[in-house]
Structure formats: structure tokens, C-alpha cells
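sequence unavailable; structure follows:
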Ligand SMILES: *Cc1c(COP(=O)(O)O)cnc(C)c1O
């Protein structure tokens, strides 16, 4: 075992339930893109598919992998699907994201025609991210065209928020107003969705008919402010992922010993330097040295020196019991303390989203199976 990822599928199911309760009567659509934020696409989807009315992924290949695994729950592909793959998408019964009013719309219609049934689509409106979607000004006419199109079934209209973590910003309300304007003539039967995890927590008025929840279902917070606000209100999430390894070697070295590439770190005192078989290729940010911590034998130990491609160093001087083979926790908890993905993220100048989605698919994942 070089490294192990332990994923508690029961925790993910409980987070889905907790979010569902929070936002009811709006529904939770779990987002399992990017290998379920590093937690494992198929396993996560299997654990929660029975609890929800739809799943969301980013690209068609993810939806096809879920169909291949026997998952029959409706799946919304949030990102673009190339025209050449529309027949496959229709055959797999995926719901696609549509904003086009030109030739791509014709491609979608012809795939529906080949397949013999309308294409289920969610029309996307860009209300202020300048990413995917039609302009608000184009929306009324285009949405009417979609609704009346014999080859389309308009399943939803949606948008995405840019600044939902910021509670003192007016931008979320502006986007919500723009969305209401763009969709005002759309039948009330068509599902409306705009919130991801942060908005669903902080801005109840954005919950509409459903929320697309990614980070929250994995038990992680979209931002420290979201965590503080929700904890104050007694709302808890359970992190589902633990990242563990074992010390390969421990060096007892004198003060002033250089450690790792570039001699970027020198011991300041007689030290015990532990070697971890995990580097940036395994998902540990290269700049974690001198910033991040791990738990070794019940002690919080600092990562030191430059993180290598496949290895890294920790100062185990405060953990005299640490030996080759001693367990190391990079993300997770022992009896005394915890290190969250958010802590590693803050230490290395990124967000928990990036830490978990960059955990490579080749690292083995061990699943604790959900209670029935
Ligand atoms: C990834 C994504 C989400 C989920 O966002 P979280 O902040 O992880 O809840 C929702 N909607 C869209 C369009 C996304 O791309």
C-alpha cells in the first residue's frame, strides 16, 4: 500500500439526506463530476442514486460510465456535448445542456429524430458568470422556441451563480432577478434551478425547484464563511474521505541537515525526518512543504522541504514513536485531532474542491458501504 483513500459512502448518503431536509421542498441533484470530486464516480453514484431524482455530471463520458455501471437514474450533463456524440447521448437517455439557437440545435433535433423520441434538455442562461449559456436578452424567444420544438422536451431551465459564498454581495440577487426575467414566460411545470451548495445554504431564495449540490454531499464546505454560518445554525456535514499512508523511512539527523530538492529546508535542531511515499503526482500540492501538516502516531507533524513527484518529508521530531510503517493521515482524523481537505487547501493556497478533485484516479479507494 503506497497510499489509501477511504471513502465512507454512508457519510455521502447522510449528507444528501441532510441537504435534502435543509432545502425541502426543493430537491437535491447530486453533482458527481470529476470522479465524484475524487471520491469515485460509479461507487458514489450507486450509493445515492436511489435517493434522488437526478444526478449531474460534467461530460458525456461520465454519464456513459454510469449507464455502463447499470445506473438508470436520469443524468444531466452540465457541460457541452460535441455534435458527433449526440446520438450516443440520446441512446443513453441523458439530459443535455442547451443554449444554442443555431446549427447545434439542428444537430440535437436530428439526434432526437434518429432516436425516435424528443431530447430532454435543460436550457442554460448566463446570468453573470460569462461561462456557458444564452444571454438573458435572447432567452425569452429562444426558450419559447425550445418549448414549442417537437424534437425537444424542455425538462429544465437553469443558471449558475458567481459569488454565492459572499453574503454581503448583491450579485446573487441580481443574477436571481435576471434569471426570473429570462424565464418569466416558461411554463411553471419546467424545473428551475440555479443554486449549488453555497447558495442553497446561504441564500434560501435561490433554492427554487432543485439545487445542484456538489461539494456539500462529500461533507466539505464551499468556503470557511459557509461553514461558520451553517455551524452556527446547527447544520453539520460529515467528511467522507480519508487519505492515509505509512512512513517509508525515518532519518535521525543532526541540526542543519539539508532535506530534499534544492536543499530548500535545513533542520533547525536534531530531528527525525519521515519520508512519505506521496508526492505531487499523488495529489499533494508541491508547495505543501513548510505549510501543511499530517498526523503521525497521534502527533501533528509539519511537511518540510519541497514535495517531490512521488515522495515528501515530514518533521516527526515530536512523534518519537514514529517508525517506518507508522500510519500517517494526510486528510482525516485520529482519536485526538483532524486534518480536513480545507486545512490542506488553506495551507497551500487553494480550495478543498481542488485538493479532492486532483486525487488521482489510480490511487486505490476503499469504500465503507452505506447502511441500507
Ligand atoms: C460543479 C457545479 C455545481 C456544484 O457546485 P458545488 O459548489 O460543488 O455544490 C453546480 N452547478 C454547476 C453548473 C456546476 O458546474
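All right, it came through fine. This structure is a prediction, so every number in the text was calculated from the model and none was measured.

need the residues of this structure near the ligand, please.
Contacts of the chain with the ligand, taken as CB under 6 Å from any ligand atom, map to 31, 33, 78, 160, 196-198, 212-216, 222. C-beta coordinates here come from the backbone N, C-alpha and C atoms, glycine included.

count of neighbours near the one residue in the stretch 101-250 of the chain that gets nearest to the ligand?
The ligand sits closest to residue 214 of the stretch 101-250 of the chain, with a gap of 2.4 Å, by CB to the nearest ligand atom. Number of residues near residue 214 (other CB atoms under 10 Å) recorded here: 21.

would you pull up the residue in the stretch 251-372 of the chain closest to the ligand?
Relative to the ligand, the nearest point of the stretch 251-372 of the chain is residue 353 (6.5 Å; CB to the nearest ligand atom).

in the helix or strand hosting that residue, what's buried?
Assigned by DSSP states H and E, residue 353 belongs to helix 352-357. Buried residues in helix 352-357, counted by 16 or more other CB atoms under 10 Å: 352-353, 355-357.

again, but for stretch 271-288
271-280, 282-285, 287-288.

for these, work out which two are farthest apart.
271 and 283 (25.9 Å; CB to CB).

tell me the contacts of residue 159?
The contact partners of residue 159, taken as CB atoms under 8 Å, 6 or more residues apart in numbering, are 124-127, 133, 175, 178-179, 182, 194.

helix or strand right after the helix or strand containing residue 17?
Element membership of residue 17, judged by DSSP H and E, is helix 9-23. Using DSSP H and E, the helix or strand that follows helix 9-23 in sequence is strand 27-30.

that following strand - contacts with which helices or strands?
Packing partners of strand 27-30 (3 or more CB pairs under 8 Å, 6 or more residues apart in numbering; DSSP states H and E): helix 9-23, helix 41-48, strand 55-57, strand 210-213.

and if we set it to 7 Å?
With contacts taken as 3 or more CB pairs under 7 Å, 6 or more residues apart in numbering; DSSP states H and E, strand 27-30 sits against helix 9-23, strand 55-57, strand 210-213.

quick check: mean pLDDT across that strand?
For strand 27-30, mean pLDDT rounds to 98.

now do the strands in the stretch 101-250 of the chain.
Counting by DSSP state E, counting those that start in this stretch, the stretch 101-250 of the chain has strands at residues 119-126, 134-135, 152-158, 191-195, 210-213, 241-246, 249-253.

direction included, what does the second one pair up with?
Translated: strand 134-135. Strand 134-135 sits in its sheet next to strand 119-126 (parallel), going by DSSP bridges.

and the strand it pairs with, average pLDDT?
98.

related to what we said a few turns ago, distance from the chain centre to the helix holding residue 353, please.
Distance of helix 352-357 from the chain centroid (CA atoms, centre = their mean, to the nearest Å) equals 7 Å.

who's in contact with it?
The set of residues external to helix 352-357 that reach it, using CB atoms under 7 Å, 6 or more residues apart in numbering, is 34, 37-38, 215, 218, 220, 241, 341-342, 344-345.

just those: which are in helices?
Counting by DSSP state H, the part of the contacts of helix 352-357 found in helices is 34, 37, 341-342, 344-345.

just to revisit the earlier point, make TSV out of the strands of the stretch 101-250 of the chain and add mean neighbour count.
Below are the strands of the stretch 101-250 of the chain laid out as TSV (neighbours: other CB atoms under 10 Å):
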stretch	mean neighbour count
strand 119-126	23
strand 134-135	16
strand 152-158	22
strand 191-195	25
strand 210-213	25
strand 241-246	22
strand 249-253	15
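
as JSON lines, those with distance to residue 57 would be great.
Output for the strands of the stretch 101-250 of the chain, formatted as JSON lines (distance: least, CB to CB, whole Å):
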{"stretch": "strand 119-126", "distance to residue 57": "13"}
{"stretch": "strand 134-135", "distance to residue 57": "21"}
{"stretch": "strand 152-158", "distance to residue 57": "15"}
{"stretch": "strand 191-195", "distance to residue 57": "15"}
{"stretch": "strand 210-213", "distance to residue 57": "11"}
{"stretch": "strand 241-246", "distance to residue 57": "19"}
{"stretch": "strand 249-253", "distance to residue 57": "41"}
